[in-house]
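Chemist: Here's my sequence, what's the structure:
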Amino acid sequence: MNKRTLTAVSTALAASLAFGALGCSSTKHASGGQGGGKNPAMANAGAVVGGTPQKGGTLTVLSNQDFSHLDPARNWVMSDMEFGTRLLYRTLVTYKAGPGTTGGELVPDLATDLGTSSNGAKTWTFHLKQGVKYEDGTPVTAQDVKYNVERSFSPDLPGGADYAARYLTGAEGYQGPAQGKHLDSIKTPDDHTIVFELRKPFAEFPNATVMPTFAPVPQKQDKGPQYDNRPFSSGPYKIESYERGKKLVLVRNTNWDPGTDQVRKAYPDKLVMVMGLKANQIDDRLIASQGADASAVSWGALRPESAAKVLPNADVRKRLIAESTNCTDMLQMHTGRAPFNDAKVRQAVQYALDRDSVLTASGGPAFNDLSTAYMPASLFDGKQPDTLKIPAAGDVDKAKQLLKEAGKENGIETKMTVSTGDKGRAEAIQQSLGKAGIKVTIETVDPSAFYATIGDTKNRTDLVYTGWCPDYPSGSTFLPFVFDGRYIKEKGNSGNHSLFRDEATMKRMDEIAAMTDAKQAAEAWRQLDGEILAKAPAVPVLVRRWPLVLGDNIAGAYGQTSFGGQLDYATVGLKDPSKGQG
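Modeler: From the prediction side, this is the model:
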């Protein structure tokens, strides 16, 4: 669902040995439910773990990192979006709370319905519910939603979803509401009505209003970049305290009315997120589930090293959820800078990359599927095509041949930026590319600063390891965001980290976007995926799962498939609230 790399885990040979003991090979990859044997990580797929929670108690979240952003104008990382929109602020439309395919269903949130279109899907009208209030008891208004959409254009608030910039009439050159400048294409005829005027038809616009961009922010509460530290709540919880990188404490928003909210259950009295912990310690604490840790969950995914402690243990497996992230990990190359402005050099990287070794470094086939296309399998009716037929272990000889054809027979040297959690994957990439004469130096960045670093297009490295997730089940929310060169930014660049600017590709994107037949458009996106793949701006590597071990006192837990498999905080709680105090 957007711009997220899911940066949680690192490599270990112990993990591959654990999976070997379970009968999984490095060349035949079972993808949960698609054959090749039962995946032991998927026993709870599509199910609720722990039964129905009781109201009360403290839910503890253990984390090795801080959020990238909680400001709804800037929040476009999968896990952060899920946390923000389920707990702190509401959006015009959201996803239903439920496991499996249920979690992909759109339902009204602030709005009374999913919006009404007119003018050939170029005008969209939403009516807001009565009785929705902020944490101070003041009413949420349509003007507040308009204001947050407008502030998402501000140069000092980079990183957020840019659907508004792509579709709203008159958005070109707009720089936000500073000095009283507003968008005429967002109308608020009264406090409970908001109308969006689009410059082109967009039948999927309600799906876009799930984004935090379409949450309300009252102008008087806006503090610019500092709003990241204290978003003003319209959801069931409010921020009691937030020490960046250390601790976040949420308590109930007593002005939240559950009668206006069909999604959020708000079972715990308090949520405490403890940051800065070591990832291996988090895994071990949750596997043991002793004392207060029985009422805890992990923010990040289980590390591959910990698989050997989880999968063979039936008691721990009962507390494991591992839904697909529905996001494709990619190695993206700077196509605007030598040597990667040469397609043959980029194709050499495609052939040199040993995806099998990256899979092993990622925890093996129980937690990952190899990727042979950019868009995930969900956008290909369940199975990605393999148009290039490159072996999973790569083809070093072919890679060397391509480098020779590019005049680089002596090889090349380059640098790659990854999140610290992806260091193991980076080392696997480094080793495989090195066999073809592509020498890679790895630069690691803390997850909370990763997107800002790779989004600085002038100062970033040639290679980045990142990923993308469809915001909803449509190729329109994947390929244009990753490969349309018209939306590249100097700072806060998102999605298109290959900086790919290809006129034929962009022309075809516009043609597909104008199609009125959904099936025709879906097939056209699939075809375009293969055409871009042949031009090699990026190498698709993996589609991960999001494995989470839960404390034994956790109830109402499942991976929300529309938020990359992250725990759905709308419904999670405790079996016995008296055991979850803090």
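Chemist: What helices and strands are in contact with the lengthiest strand in the chain?
Modeler: Counting residues, the longest strand found in the chain (DSSP state E) is strand 320-333. Here strand 320-333 touches helix 343-352, strand 463-468, strand 538-549, going by 3 or more CB pairs under 8 Å, 6 or more residues apart in numbering; DSSP states H and E. Where C-beta positions appear, they are placed from N, C-alpha and C, glycine not excepted.
Chemist: Name the spans of this structure whose pLDDT lies under the cut-off.
Modeler: For the chain, the stretches with pLDDT under 70 are 1-37, 582.
Chemist: quick one: buried residues of the longest helix anywhere in it?
Modeler: Looking across the chain with DSSP state H, the single longest helix is helix 518-535. If you call a residue buried by 16 or more other CB atoms under 10 Å, then helix 518-535 has these buried ones: 521, 522, 524, 525, 526, 528, 529, 532, 533, 535.
Chemist: I'd like the distance from the last one to residue 297, if you could.
Modeler: Same thing as residue 535. Taking CB to CB, to the nearest Å as the measure, residue 535 falls 42 Å from residue 297.
Chemist: Then the third one?
Modeler: The span separating residue 524 from residue 297 equals 41 Å under the rule CB to CB.
Chemist: What of residue 570?
Modeler: On the measure of CB to CB, residue 570 and residue 297 end up 14 Å apart.
Chemist: which SS state does residue 124 fall under?
Modeler: At residue 124 the chain is in strand, as set by DSSP: H, G, I helix; E, B strand; the rest coil.
Chemist: before we move on, which element is residue 416 in?
Modeler: In the assignment (DSSP states H and E), residue 416 maps to strand 412-419.
Chemist: What strands flank that strand, and is each parallel or antiparallel?
Modeler: Taking DSSP bridges as the criterion, strand 412-419 forms sheet pairs with strand 438-445 (parallel), strand 463-468 (parallel).
Chemist: Next, format the ones you listed as CSV and append distance to residue 319 and mean neighbour count.
Modeler: Shown next, in CSV, are these (distance: least, CB to CB, whole Å; neighbours: other CB atoms under 10 Å):
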stretch, distance to residue 319, mean neighbour count
strand 438-445, 31, 17
strand 463-468, 26, 28
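Chemist: any chance of those strands in a markdown table, plus distance to residue 289?
Modeler: Formatted as a markdown table, those follow (distance: least, CB to CB, whole Å):
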| stretch | distance to residue 289 |
| --- | --- |
| strand 438-445 | 31 |
| strand 463-468 | 30 |
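Chemist: out of those, nearest to residue 107?
Modeler: strand 463-468 (24.8 Å; CB to CB).
Chemist: Report the angle between that closest one and helix 343-352.
Modeler: 70 degrees (axes from the mean of the first three to the mean of the last three CA atoms, to 10 degrees).
Chemist: which other helices and strands contact the helix or strand just after strand 463-468?
Modeler: Downstream of strand 463-468, the first helix or strand assigned by DSSP H and E is helix 479-483. Counting contacts by 3+ CB pairs under 8 Å, 6+ apart, helix 479-483 packs against helix 503-513, helix 518-535.
Chemist: Out of the ones you listed, flag the one nearest residue 322.
Modeler: Ranked by CB to CB, the member of those that lies closest to residue 322 is helix 518-535, at 26.0 Å.
Chemist: follow-up on the earlier one: parallel or antiparallel, list what pairs with the longest strand of the chain.
Modeler: With DSSP bridges as the test, strand 320-333 pairs up with strand 463-468 (antiparallel), strand 538-549 (antiparallel).
Chemist: can I get the ones you listed in CSV with distance to residue 324?
Modeler: Shown next, in CSV, are these (distance: least, CB to CB, whole Å):
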stretch, distance to residue 324
strand 463-468, 13
strand 538-549, 5
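Chemist: Looking at those, which is nearest to residue 141?
Modeler: strand 463-468 (33.6 Å).
Chemist: what separates the closest one from the chain centre, distance-wise?
Modeler: Mean-position distance between strand 463-468 and its chain equals 12 Å (CA atoms, centre = their mean, to the nearest Å).
Chemist: Offset the numbering so it begins at 36, please.
Modeler: Yep, numbering from 36; the last one is strand 498-503 now.
Chemist: Which residues does it contact?
Modeler: 37-41, 360, 362-369, 409, 449-454, 457, 460-461, 464, 475, 485, 489, 513, 516-517, 530, 532, 576 (CB atoms under 8 Å, 6 or more residues apart in numbering).
Chemist: Ok, stretch 126-144 next?
Modeler: Residues contacting stretch 126-144 (CB under 8 Å, 6+ apart): 80-83, 120, 125, 145-146, 149-150, 161, 164, 180, 229, 241-242, 244-247, 249-250, 296-300, 507-508, 593-598, 603, 605-606.
Chemist: picking that back up, of the helices and strands packed on strand 355-368, which approaches residue 525 most closely?
Modeler: Closest among the helices and strands packed on strand 355-368, once you apply CB to CB, is strand 498-503, at 15.8 Å.
Chemist: Residues touching stretch 174-186, excluding its own?
Modeler: Residues contacting stretch 174-186 (CB under 8 Å, 6+ apart): 107-108, 125, 127, 145, 161, 163, 166-169, 192, 199, 203, 209, 211-212, 217-218, 221, 223, 225-229, 248-254, 257, 269.
Chemist: Which of those residues are buried, as a PyMOL select command?
Modeler: This is how PyMOL selects the buried members of these, with burial counted by 16+ other CB under 10 Å:
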select buried, resi 107+108+125+127+145+161+163+167+168+169+192+199+203+209+211+212+218+221+223+227+229+248+249+250+251+252+253+257+269
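Chemist: Distance of residue 581 relative to residue 484?
Modeler: Taking CB to CB as the measure, residue 581 falls 22 Å from residue 484.
Chemist: Look at the two and report which has more neighbours.
Modeler: residue 581 (27 against 14; other CB atoms under 10 Å).
Chemist: Tell me if I'm right that that one and residue 361 touch.
Modeler: No - assessed by CB atoms under 8 Å, residue 581 is found out of contact with residue 361, at 9.6 Å.
Chemist: Need the overlap of contacts for those two.
Modeler: 599, 600.
Chemist: wait, what's in contact with the residue lying closest to residue 114 once chain neighbours are set aside?
Modeler: Excluding its sequence neighbours, the residue lying closest to residue 114 (CB to CB, 6 or more residues apart in numbering) is residue 601, at 4.7 Å. Going by CB under 8 Å, 6+ apart, residue 601 touches 113, 114, 117, 118, 581, 583, 594, 595.
Chemist: hang on, the earlier thing: please name whichever of the strands paired with strand 447-454 is nearest to residue 542.
Modeler: strand 498-503 (21.4 Å).
Chemist: Just the CA trace of that closest one, in CSV.
Modeler: Only the C-alpha atoms of strand 498-503 are listed here, as CSV (Å, rounded to 0.1, in the frame of the first residue of the first chain):
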residue,chain,number,x,y,z
LEU,A,498,21.8,1.8,-5.9
VAL,A,499,19.0,1.6,-3.2
TYR,A,500,17.3,-1.4,-1.8
THR,A,501,13.7,-0.5,-1.2
GLY,A,502,10.2,-1.6,-2.0
TRP,A,503,6.7,-0.6,-3.0
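Chemist: ok, back up a step: which ones among the contacts of stretch 174-186 are found in helices?
Modeler: Filtering the contacts of stretch 174-186 for helices - DSSP H - leaves residue 199.
Chemist: burial count for the nearest residue to residue 161 once chain neighbours are set aside?
Modeler: Distance criterion CB to CB, 6+ apart; nearest residue to residue 161, sequence neighbours excluded, is residue 146 at 4.3 Å. Residues lying near residue 146 (other CB under 10 Å) number 26.
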